[in-house]
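Asker: quick one, fold the following:
(4 chains)
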Protein chains: 2
Amino acid sequence: MPSSNQQMKFALKSTGHSITVPRKQLFKTLQAHEAQTIHELVARCPTVDRATIYRTIELFEELGIVQRLQIGWKYQLELTDSYVHHHHHLVCTRCGAIIALAEDAELEARLITLAATADFTASDHQLEIRGLCSNCH
Amino acid sequence: MPSSNQQMKFALKSTGHSITVPRKQLFKTLQAHEAQTIHELVARCPTVDRATIYRTIELFEELGIVQRLQIGWKYQLELTDSYVHHHHHLVCTRCGAIIALAEDAELEARLITLAATADFTASDHQLEIRGLCSNCH
DNA sequence: GCAAAAATTGCGACTAATTTGCAAAAATTG
DNA sequence: CAATTTTTGCAAATTAGTCGCAATTTTTGC
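Answerer: Below is the predicted model:
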């Protein structure tokens, strides 16, 4: 099984892109956190220029490596299902915690079926559940 | 049953806010479209100042009247479940169409159960399914 | 309805976020 | 390794979002 690192390199190579230091750096940072804002990413990669970060995120999105989530006021970035285990998010509306929720076969199956009723071929999805976490009950 | 218009007015009044022309205007525009970016909203409400739009959206979010979705590159605004029937979104990755998908009891029930297993009290959720619409198959 | 009080808006200035052009640097090719 | 192609960093330019404040609109209590 290819490591997600090799997978990322293949995604770049196979589409004619180079494997560069900033790209590896950003990928590593993305792996290190469940979800993060662009601002956090910029802060965590001090050696990479802001413009490069924007450009790389855009490329990673096109290649299906990262996706954006709207959680609260600003969007957050995280690796897609191809790079981390598919999961959903529990967002505590009181303390702001973001908790990963493992995928559930029953739920996923229902999704596909539903989409199909609208003659829609689902390839991917994203679910956010808001509420109160155990600490904030 | 109160019209969603009356509901919006009550939400403002009961929290000590005024009912103003710009607020009614924005609400009406939000009702007229499934989801729209701030930019579209600004363009569709030429008589309302940009700053007022941002302030109103912020207020509407606090009052639970609108919510943001991250679809594609920029966030989109839409009325919350209290104002339009609860639903989810099918987003076509080819043509960009956003299709509303009616809620499904089985799905909703599963969500609550899942959240509960993480000792999380769900109050609200948002689901986006990406894929290809019937026209783009 | 009307005048006073309170809340909101529009405007202009301002700060933050994102994009772009381009020469220099790094990666890829053979 | 030299030539070619792709990226990067930097600075400048846009675009998005915020803020202070005087003018205007809403609301309140007759």
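Asker: which helices and strands sit right next to the lengthiest strand in chain A?
Answerer: Looking across chain A with DSSP state E, the single longest strand is strand A:121-132. Applying 3 or more CB pairs under 8 Å, 6 or more residues apart in numbering or on different chains; DSSP states H and E, one finds that strand A:121-132 makes contact with strand A:66-71, strand A:87-92, helix A:105-117, helix B:105-117, strand B:121-132. In short, each C-beta sits where N, CA and C put it, glycine included.
Asker: which residue does chain A have closest to chain B?
Answerer: A:Gln70 (3.1 Å; CB to the nearest CB).
Asker: residues in contact with that residue?
Answerer: A:76, A:128, B:68-70, B:75 (CB atoms under 8 Å, 6 or more residues apart in numbering or on different chains).
Asker: for it, name its beta-bridge partners.
Answerer: Counting by DSSP bridges, A:Gln70 forms beta bridges with A:Tyr75.
Asker: might one say that A:Ile19 is in contact with A:Lys9?
Answerer: Yes. Counting by CB atoms under 8 Å, A:Ile19 does reach A:Lys9; the two are 5.3 Å apart.
Asker: now, which of the contacts of A:Gln70 sits nearest A:Glu34?
Answerer: A:Gln76 (8.8 Å; CB to CB).
Asker: number of residues surrounding the residue nearest to the closest one when sequence neighbours are not counted?
Answerer: Excluding the flanking residues, the one nearest A:Gln76 by CB to CB, 6 or more residues apart in numbering or on different chains is A:Ala35, at 4.1 Å. Counted with other CB atoms under 10 Å in any protein chain shown, the neighbours of A:Ala35 add up to 19.
Asker: A:Ala35 and A:His89 touch, don't they?
Answerer: Yes. Using CB under 8 Å, A:Ala35 is in contact with A:His89, at 7.5 Å.
Asker: give me the angle between the helix or strand bottoming out on mean pLDDT in chain A and strand B:121-132.
Answerer: Here the helix or strand of chain A ranked lowest by mean pLDDT, DSSP states H and E is strand A:66-71, holding a mean of 82. Orientation check (axes from the mean of the first three to the mean of the last three CA atoms, to 10 degrees): strand A:66-71 against strand B:121-132 gives 140 degrees.
Asker: wait, does strand A:66-71 contact DNA strand D?
Answerer: No. Applying CB under 7 Å from any atom of the strand, one finds strand A:66-71 separated from DNA strand D by no less than 11.2 Å.
Asker: could you do stretch A:41-52 as well?
Answerer: Yes. Stretch A:41-52 reaches DNA strand D (CB under 7 Å from any atom of the strand) through A:47-49, A:51-52.
Asker: ok, and the most crowded of these?
Answerer: That'd be A:Val48 among the residues of stretch A:41-52 next to DNA strand D, by other CB under 10 Å, with 19 neighbours.
Asker: give me the nearest residue to it, chain neighbours excluded.
Answerer: Nearest to A:Val48 is A:Pro22, by CB to CB, 6+ apart, at 4.6 Å.
Asker: and the one you found, what helix or strand is that in?
Answerer: helix A:21-31 (DSSP states H and E).
Asker: low pLDDT regions in chain A?
Answerer: A:1-2, A:71-73 (pLDDT under 70).
Asker: residues contacting the spatially most central residue of it?
Answerer: Among the residues of chain A, the one closest to the centroid is A:Glu78, at 2.4 Å (CA atoms, centre = their mean). For A:Glu78, the contacting residues are A:30, A:33-36, A:66-67, A:69, A:84, by CB under 8 Å, 6+ apart.
Asker: quick one: A:Arg55 and DNA strand C, what's the gap?
Answerer: 6 Å (CB to the nearest atom of the strand, to the nearest Å).
Asker: go on, A:Phe60?
Answerer: 13 Å.
Asker: my guess is that residue meets A:Val66, correct?
Answerer: Yes. Contact criterion CB under 8 Å: A:Phe60 and A:Val66 qualify, at 4.3 Å.
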